[in-house]
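S.K.: Just need the structure, nothing else, for what follows:
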Amino acid sequence: QVQLVESGGGLVEAGGSLRLSCTASGMIFSANTMGWYRQAPAKQRELVAAIARTGDTRYADSVKGRFTVSRDNAENTVYLQMNTLKPEDTAVYYCNAGGVYTSADYYPGKYWGQGTQVTVSS
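M.R.: Sure thing, here's the model as predicted:
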């Protein structure tokens, strides 16, 4: 079965950086679009970034210029480099696999990781 395992979350001061990783198994990683979502307390889960099989990327407006999504197909891993972190970036971050990447949006697939907590202190 498909498994997605996230790592790299933690506590960081505002302005700092973190890199999240998500390693996949049980699927043909290179054939799948991958996405990162986040959910803050009392808020809906929202798309942060997505990367297509082609390497095309998409970002939420709130993270453009600060976050970078990338993938290593040889390692079955997708990364989210987060720079200049803000307190409003505090959330549980989830990896998603198998979604649909279009010119207008990214629609999540049915596979989710367990989430990793990111906390940014002011």
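S.K.: any idea how far R66 is from V48?
M.R.: 10 Å (C-beta to C-beta, to the nearest Å). C-beta coordinates here come from the backbone N, C-alpha and C atoms, glycine included.
S.K.: Neighbour count: those two, which is higher?
M.R.: V48 (24 against 15; other C-beta atoms under 10 Å).
S.K.: Test my guess that that one contacts T57.
M.R.: No. Using C-beta atoms under 8 Å, V48 is not in contact with T57, being 11.2 Å away.
S.K.: in the sheet, who's paired with L4?
M.R.: Taking DSSP bridges as the rule, L4 bridges to A24.
S.K.: what residues are up against it?
M.R.: By C-beta atoms under 8 Å, 6 or more residues apart in numbering, the contact list for L4 reads C22, T23, A24, C95, N96, A97, Y111, W112, G113, Q114.
S.K.: For it, report the pLDDT, please.
M.R.: Confidence at L4, expressed as pLDDT, is 97.
S.K.: now it: how far from R66?
M.R.: 23 Å.
S.K.: Neighbours of D105, how many?
M.R.: 11.
S.K.: For F67, see how far away it is.
M.R.: The spacing between D105 and F67, counted by C-beta to C-beta, is 18 Å.
S.K.: Ends of stretch 26-44, what's the gap?
M.R.: End-to-end span of stretch 26-44 (C-alpha to C-alpha, to the nearest Å): 28 Å.
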